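Visitor: any chance you could fold what I've pasted below:
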Amino acid sequence: CCNKFHPCRFCHDENSDHGINRYAVDRVQCMECGKEQKVSNKCIECGFQFARYFCAPCKFFDDEKEKDIYHCPHCNLCRIGKGLGIDFFHCKKC
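Guide: From the prediction side, this is the model:
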């Protein structure tokens with residue numbers, strides 16, 4: 001959004017006069033080799049994996065081993081938990 005790379009969205013917001021719109025992010029930079037590329041979870045140059053969990057629609061990265069996260073296709077956002085039908089259900093009426 002401002003043509004600058006930051007290690008995370010919190011770092012961006014702390015060092016900018018605006019909040020990041022992570023859905024608008026279209027480029028990332030590998031912190032291992034510096035390669036700039038389209039948003040993904042793995043560097044196309046050196047193969048470094050950016051995070052344990054990556055959600056392409058949300059452009060969300062998380063590396064906490066103890067945390068289970070899944071993308072809810074009905075809400076179109078990531079939620080903490082093991083997934084629909086496991087520890088969460090989605091009410092389609094409300």
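
Visitor: point out where the protein drops to low pLDDT.
Guide: Applying pLDDT under 70 to the chain flags the ranges 1, 94.

Visitor: run the last query once more with 90
Guide: 1-25, 72-77, 83-94 (pLDDT under 90).

Visitor: in it, which spans are strands?
Guide: Remark: strands assigned in the chain by DSSP state E are 27-29, 36-38, 53-55, 60-62, 69-72, 77-80.

Visitor: could you list every helix and strand in contact with the first one?
Guide: Of the remaining helices and strands, those touching strand 27-29 by 3 or more CB pairs under 8 Å, 6 or more residues apart in numbering; DSSP states H and E are strand 36-38. In this view, the C-beta of every residue, glycine as well, is placed from N, C-alpha and C.

Visitor: do the same with the fourth one
Guide: Counting contacts by 3+ CB pairs under 8 Å, 6+ apart, the secondary-structure elements packed against strand 60-62 are strand 53-55.

Visitor: likewise the second one?
Guide: For strand 36-38, the elements it packs on are strand 27-29, judged by 3+ CB pairs under 8 Å, 6+ apart.

Visitor: who does the strand it packs on pair up with?
Guide: Applying DSSP bridges to the sheet, strand 27-29 is found paired with strand 36-38 (antiparallel).

Visitor: and the contacts of the partner strand?
Guide: Strand 36-38 is contacted from outside by 5, 26-30, 43-45, using CB atoms under 8 Å, 6 or more residues apart in numbering.
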